[in-house]
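1. any chance you could fold what I've pasted below:
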Amino acid sequence: MMRDKTFHPRLTRLTAIILVLAVTMMTGCTAIQSTETSAGSVQTEGQSAPPSDQGAPVKYSSSFTSSFDTVITLIGYANSQAEFDRWADLAESEFQKLHQLFDIYHEYPGIHNLMTVNNQAGKGPVQVDAKILELIEFYLDNDRLAPGKVSPSLGSVLRIWHDHREAAESGQATVPNLADLQAAARHIDPSTLKIDRQASTLELTDPEVRLDVGAVAKGYATEIVARLLQSQGMASGIISAGGSNVRLIGKPADPSRETWAIGIQNPFVSMLIPEGQSVDVIQTNDTSIVTSGDYQRYYLVDGVVYHHLIDPDTLMPANHQRAVTIVTPDSGLADYLSTAVFLLPYEDGRKLVESLPDCEALWIFQDGSMKATDGLISLLKDKAQGNAKDMAEALAK
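-> Alright, predicted model coming up:
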């Protein structure tokens, strides 16, 4: 894959939010209500009420912006504010640690992160945290699913697109020169990544290779945090990492609800329209929902959209579909697959999804039509019956 996500604390522009949290699960003992907002983020109103006399868990919510250049929201049912606050502090701390390790744009005191490794390309091995090695191995182990499409060694090409997108924000919108992209693509061979588990080192043997883990890192980190929270007693909650990556923990601890409800963003609807962004709603529990779309990060040149999902075969943005949503238990794998399937033609992507256990997908195409795997249709409120483009046009009237 080639998917560029900026990992740094600067929050001048929040990542476009794809999945709308539609968790309107009111209980008699909480004053917090989660609603759909114009950007698809969780909006909380008021404060959590104290637990009821019966001791039923109460729904709490917390958000922070210190990691992965996006808003991360934690919703959880807890027995007390103190218990939820402990989980929220733990989640924020772990996300921040992982953000710093996987950052390719900034270094931090006392940490050898991916920027350190990039800066030392061709100069020998760098001793790094085991979580960095595990993330790189995760990429390499899953390369069999879509060979060459999703790789951590594509940074030299992705950086060119990133720089052009940044320049477009300043009014200098241009398309990268193909010769420059082709020259960079001569340095994307993953075999130049050398891992020594015993020494805990990572080495880039080609001095021109650059790591970029934006395709997977946020989902991978979300899964780590979810498992950590579960080990600390959280049995019912949601982690929304920018809205595009949603990890459901258990089921709602609310006797009136059997499932969480997660809306899928309509790519044809402006984020500024406060209602009607969802093309459908996924009703499910204890799984991950991740979307990749052409409307998340893009810029225009002569009316043509150039988005951030770059096909390593063409070195250009892929255009097989407008969005792909993956539903599978592991958030890291869901993030990987959402990129891989987006970069593949529909027939190849569907074949890949259907070859995997506990994996479902929904595609939204340029004409607004939608297709979903049979297993996902059973979880969709409206069974993917509509047309996303028609929905958007009706909303605009």
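2. can I get stretch 250-258 as PDB, trimmed to CA atoms?
-> In PDB, the C-alpha atoms belonging to stretch 250-258 read as follows (Å, rounded to 0.1, in the frame of the first residue of the first chain):
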ATOM      1  CA  GLY A 250     -17.900  -6.300  24.300                       C
ATOM      2  CA  LYS A 251     -21.500  -5.200  24.000                       C
ATOM      3  CA  PRO A 252     -23.300  -2.200  25.500                       C
ATOM      4  CA  ALA A 253     -23.800  -2.600  29.300                       C
ATOM      5  CA  ASP A 254     -27.300  -1.300  28.800                       C
ATOM      6  CA  PRO A 255     -30.200  -3.800  29.200                       C
ATOM      7  CA  SER A 256     -32.200  -1.900  26.500                       C
ATOM      8  CA  ARG A 257     -29.600  -2.500  23.800                       C
ATOM      9  CA  GLU A 258     -28.100  -5.700  22.300                       C
END
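3. okay, the residue positioned nearest the centre of the chain and residue 169: tell me how far apart.
-> The structure's the chain has its C-alpha centroid closest to residue 245; by C-alpha atoms, centre = their mean the separation is 4.0 Å. Between residue 245 and residue 169 the computed distance is 24 Å (C-beta to C-beta, to the nearest Å). Glycine gets a C-beta too; all of them are placed from N, C-alpha and C.
4. so the residue nearest to the centre of the chain is in contact with residue 222, correct?
-> Yes - with contacts counted by C-beta atoms under 8 Å, residue 245 reaches residue 222, the gap being 5.5 Å.
5. tell me the residues that contact both of the two, please.
-> Among the neighbours of residue 245, those also in contact with residue 222 (C-beta atoms under 8 Å, 6 or more residues apart in numbering) are 288, 331, 335.
6. of those residues, closest to residue 231?
-> Each of the shared contacts of residue 245 and residue 222 was checked against residue 231 using C-beta to C-beta; the closest is residue 331, at 15.6 Å.
7. which residues touch that closest one?
-> By C-beta under 8 Å, 6+ apart, the contact set of residue 331 is 219-220, 222-223, 226, 245, 247, 288, 290.
8. ditto for residue 337
-> Residue 337 sits in contact with 145, 290, 326, 328, 352-353, 356, 359, 361, where contact means C-beta under 8 Å, 6+ apart.
9. centre of the chain to stretch 369-379, how far?
-> Here the centre of stretch 369-379 is set off from its chain's centre by 20 Å, with C-alpha atoms, centre = their mean, to the nearest Å.
10. ugh, typo on my part, it should be stretch 377-397
-> In terms of C-alpha atoms, centre = their mean, the centre of stretch 377-397 is set 23 Å apart from its chain centre.
11. what about the helices in the stretch 1-150 of the chain?
-> Taking DSSP state H, counting those that start in this stretch to define them, one finds helices in the stretch 1-150 of the chain at 81-102, 114-119, 130-142.
12. what's the shortest one packed up against?
-> Taking 3 or more C-beta pairs under 8 Å, 6 or more residues apart in numbering; DSSP states H and E as contact, the helices and strands that helix 114-119 lies on are strand 201-204.
13. which strands and helices lie in contact with the helix or strand following the strand it packs on?
-> Next helix or strand after strand 201-204 toward the C-terminus (DSSP states H and E): helix 217-231. For helix 217-231, the contact count by 3+ C-beta pairs under 8 Å, 6+ apart identifies helix 81-102, helix 130-142, strand 237-241, strand 245-249, strand 288-293, helix 331-343 as packing neighbours.
14. for those, give me TSV that also has distance to residue 375 and mean pLDDT.
-> Rendered in TSV, the data for these read as follows (distance: least, C-beta to C-beta, whole Å; pLDDT from 0 to 100):
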stretch	distance to residue 375	mean pLDDT
helix 81-102	29	98
helix 130-142	21	98
strand 237-241	21	97
strand 245-249	16	98
strand 288-293	13	97
helix 331-343	14	98
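15. now distance to residue 69 too, for the ones you listed, in CSV please.
-> Formatted as CSV, these follow (distance: least, C-beta to C-beta, whole Å):
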stretch, distance to residue 69
helix 81-102, 9
helix 130-142, 17
strand 237-241, 11
strand 245-249, 13
strand 288-293, 16
helix 331-343, 15
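16. so which of the ones you listed comes closest to residue 209?
-> Using C-beta to C-beta, the helices and strands packed on helix 217-231 put helix 130-142 closest to residue 209, at 12.3 Å.
17. many thanks, I have nothing further to ask.
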